[in-house]
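Engineer: Sequence below, structure please.
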Amino acid sequence: MQNRRNILFIMCDQLRHDYLSCAGHKTLQTPHIDTLAARGVRFSNAYVQSPICGPSRMSTYTGRYMSSHGATANFVPLRIGERNIGDHLGPLGVRPVLVGKTHMIADRDGMARLGIDPQSPIGVHHREAGFEPYERDDGIYPDKMLGMMGQPRYNDYLRDKGHEGDNPWHWAANAVETDKGLRSGFYNDITDRPAAVAEEDSETPYMTRRAMEFLDQDDGETPWLLHLSYIKPHWPYVAPAPYNDMYGADDVQAPIRSEAELKDTNPLMRHFMERVAGRTFRRDEAIRKVVPTYMGLIKQIDDQLGQLFAFMQERGLLETTTIVLTADHGDYLGDHWMGDKDYFHDPSVKVPLIIADPSAQMDATRGTTCDALVQSIDLLPTFVEHFGGTPAAHLLDGTSLRPLLTGEATRVQDFVVSEYDYHQQTFAPEIGTGPRDGRIYMIATTDWKLIHAPGFDPVLFDRRDDPQELHDLGRSPDHAGIRADMLARLADWALQYRQRETYTDDMAARFTAFEEKAGVLIGYWDENDLIDPGNAVNPPQGQET
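Structural biologist: Residues are numbered from 1 along each chain as shown. Sure thing, here's the model as predicted:
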């Protein structure tokens, strides 16, 4: 196919927005990602729709907010009938292909209700969020979850490499050798030791090779979107040699936190601080030991992307492929006295986003940094426009980023929104939170960020004067007006028609003049009130008004 244009959509799991050298990290060097940024646009204010894997990814794959698509927590199914990336790109002749993680949970009850066989083409389409699963691997397979999550093909690969047992993902790729035998990488005290697999057999190179295998089998005709979705640097924080000790404690940037945050903290925020991960990363020893491994995992991804980009260059694919790199959320790593993700400080909810489109239309912005507020839900409408389609505004909550990529516009939206359902947290029963009560929302503008959770005081950060989000103004009398304005914005957003999926804007325009065109007269006093009297006065022979 002449002038075929493809997309390589790379997603890293739990990659912080500021852990790239092109984003200003002082000691972690990511030259291949930096080169990608130099070829395209780096977005410095990109936010996910939920600071946790499943809901965030479902928003990216549907182009809709969490409260629109309904998959509100990890392992909550995406309801049958929800339009996914395949539903939007398939009609454009595009082949959406997956190598790696989606965290998609199928609505099996919904399929049973409608008589859909999960193994049928429609069933597989729904089960895989619209992707063709060249290789799906959600990447977290502790022993107790192995049956529930299925058996990854990667385990077969590891067994072929001589790693025995039912679950070599856990006990080889994500475990380390100690003097007492293998120890699970879920324990953070041994993260500085090398994984019990050779580097080339670890997850990141394996998935990179699988992506190359797909590219080698490409027919050269059908346009594709290849979603290369790495599980790392998500925990377990285990890296193969030499990446396990490539960085040391001296390379770690000081955590962003203050004693004041501990002394006077919003009660709900404190619950997030007191989780196991928060207590672990409160220890300076943990930060000095875990963060270097986290950095090593990112360095490995960058090295693998260098190999992938060289592979594509040899085949002429860099000239026809737009490359998008982002993450599903970040990682606190001790910032604000927290670990893991889940809350709404920037280390958790702000992500890297780089888009490098080789077409001449993008030359005006090539190598620039865009500080406009953008969201992960903006990617799917961007993909639709890339392949020549028109985004379905009644289905997609996001807005195409192409005007920012071409330089035609400088701003997409005035605010971004992220949501979380914390009812699965272990502290939820303690505070009386039931399955419908754990609602928490973030709305951020260029100047302010408000976090709203029913039953708790709001949290407010001044994004200009306090970019590190160390001072909560949620109870400040001087900022009552700002809080009221931000809550009003959030309320206006929440009251939008986001469930009107069967009624397009074109249909609404056609119905506007329905009475005039149909001649339906309801409530008129006489012909003087008619919009078009010719439709009702002196009807043709044999017809009545």
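Engineer: ok, longest helix in this protein?
Structural biologist: Counting by DSSP state H, the longest helix found in the chain is helix 284-314.
Engineer: Output the contacting helices and strands for that helix.
Structural biologist: strand 6-13, helix 31-39, helix 203-217, strand 224-233, helix 276-281 (3 or more C-beta pairs under 8 Å, 6 or more residues apart in numbering; DSSP states H and E). C-beta coordinates here come from the backbone N, C-alpha and C atoms, glycine included.
Engineer: Kindly recompute the last result at 10 Å.
Structural biologist: In terms of contacts (3 or more C-beta pairs under 10 Å, 6 or more residues apart in numbering; DSSP states H and E), helix 284-314 is packed against strand 6-13, helix 31-39, helix 203-217, strand 224-233, helix 276-281, strand 321-327.
Engineer: Next, the angle from the third one to helix 284-314.
Structural biologist: When you say that, I think you mean helix 203-217. 10 degrees (axes from the mean of the first three to the mean of the last three C-alpha atoms, to 10 degrees).
Engineer: Helix 203-217: which residues count as buried?
Structural biologist: 203-212, 214-215 (16 or more other C-beta atoms under 10 Å).
Engineer: how many other residues sit next to residue 133?
Structural biologist: 16 (other C-beta atoms under 10 Å).
Engineer: hey, what's it bridged with?
Structural biologist: Residue 133 has these beta-bridge partners by DSSP bridges: residue 98.
Engineer: What separation do you get for it and residue 221?
Structural biologist: Distance, residue 133 to residue 221, by C-beta to C-beta, to the nearest Å: 21 Å.
Engineer: How about residue 488?
Structural biologist: 52 Å.
Engineer: Next: residue 139.
Structural biologist: For residue 139, the distance to residue 221 - C-beta to C-beta - is 32 Å.
Engineer: ok, for residue 422, nearest residue in space, not its chain neighbours?
Structural biologist: residue 438 (4.1 Å; C-beta to C-beta, 6 or more residues apart in numbering).
Engineer: OK, contacts around that neighbour?
Structural biologist: 72-73, 268, 420-425, 428, 431, 453-455 (C-beta atoms under 10 Å, 6 or more residues apart in numbering).
Engineer: nearest to residue 26, of those residues?
Structural biologist: residue 420 (30.6 Å; C-beta to C-beta).
Engineer: Give me the residue at the spatial middle of the protein.
Structural biologist: Geometric centre of the chain, nearest residue: residue 328, 3.3 Å, by C-alpha atoms, centre = their mean.
Engineer: What ranges does the stretch 301-450 of the chain have for its helices?
Structural biologist: 346-349, 379-386, 402-406 (DSSP state H, counting those that start in this stretch).
Engineer: residues in contact with the last one?
Structural biologist: Going back to what we said before, that points to helix 402-406. 40-41, 43, 322, 355-357, 359, 361-366, 368, 370, 372, 374, 378, 381-386, 391, 408-412.
Engineer: Which ones among these lie within strands?
Structural biologist: 41, 43, 322, 355-356, 368, 370, 374 (DSSP state E).
Engineer: who's residue 8 bridged to?
Structural biologist: The partner residues for residue 8, given DSSP bridges, come to residue 226, residue 323.
Engineer: show me what contacts it?
Structural biologist: With C-beta under 10 Å, 6+ apart, residue 8 has these contacts: 211, 215, 224-228, 305, 308-309, 312, 317-318, 321-325, 356.
Engineer: now residue 289
Structural biologist: Here residue 289 is in contact with 188-192, 237, 248-249, 252, 283 (C-beta under 10 Å, 6+ apart).
Engineer: Quick check, pLDDT for residue 19.
Structural biologist: Looking at residue 19, its pLDDT is 98.
Engineer: was I right about it contacting residue 296?
Structural biologist: No: if you go by C-beta atoms under 10 Å, residue 19 and residue 296 don't touch, sitting 11.3 Å apart.
Engineer: Report the buried residues of stretch 497-512.
Structural biologist: In stretch 497-512, counting by 16+ other C-beta under 10 Å, buried: residue 498.
Engineer: if we can go back for a sec, turn the contacts of residue 438 into a markdown table, including pLDDT and neighbour count.
Structural biologist: Below are the contacts of residue 438 laid out as a markdown table (pLDDT from 0 to 100; neighbours: other C-beta atoms under 10 Å):
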| residue | pLDDT | neighbour count |
| --- | --- | --- |
| 72 | 95 | 22 |
| 73 | 94 | 20 |
| 268 | 96 | 21 |
| 420 | 97 | 28 |
| 421 | 96 | 24 |
| 422 | 95 | 21 |
| 423 | 92 | 16 |
| 424 | 90 | 16 |
| 425 | 93 | 19 |
| 428 | 94 | 17 |
| 431 | 93 | 15 |
| 453 | 97 | 22 |
| 454 | 95 | 10 |
| 455 | 94 | 12 |
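Engineer: returning to that earlier point: pull up the gap between the residue nearest to residue 422 and residue 262, please.
Structural biologist: When residue 438 is compared with residue 262 (using C-beta to C-beta), they lie 24 Å apart.
Engineer: now do residue 241
Structural biologist: 37 Å.
Engineer: so where's the stretch 51-200 of the chain uncertain?
Structural biologist: 149 (pLDDT under 70).
Engineer: And the strands in it, which stretches?
Structural biologist: Listed in chain order, the strands of the stretch 51-200 of the chain (DSSP state E, counting those that start in this stretch) span 95-100, 132-136, 175-178, 181-184.
Engineer: roughly how far is the longest one from the heart of the chain?
Structural biologist: In this case it means strand 95-100. Counting by C-alpha atoms, centre = their mean, to the nearest Å, strand 95-100 is centred 16 Å from the centre of its parent chain.
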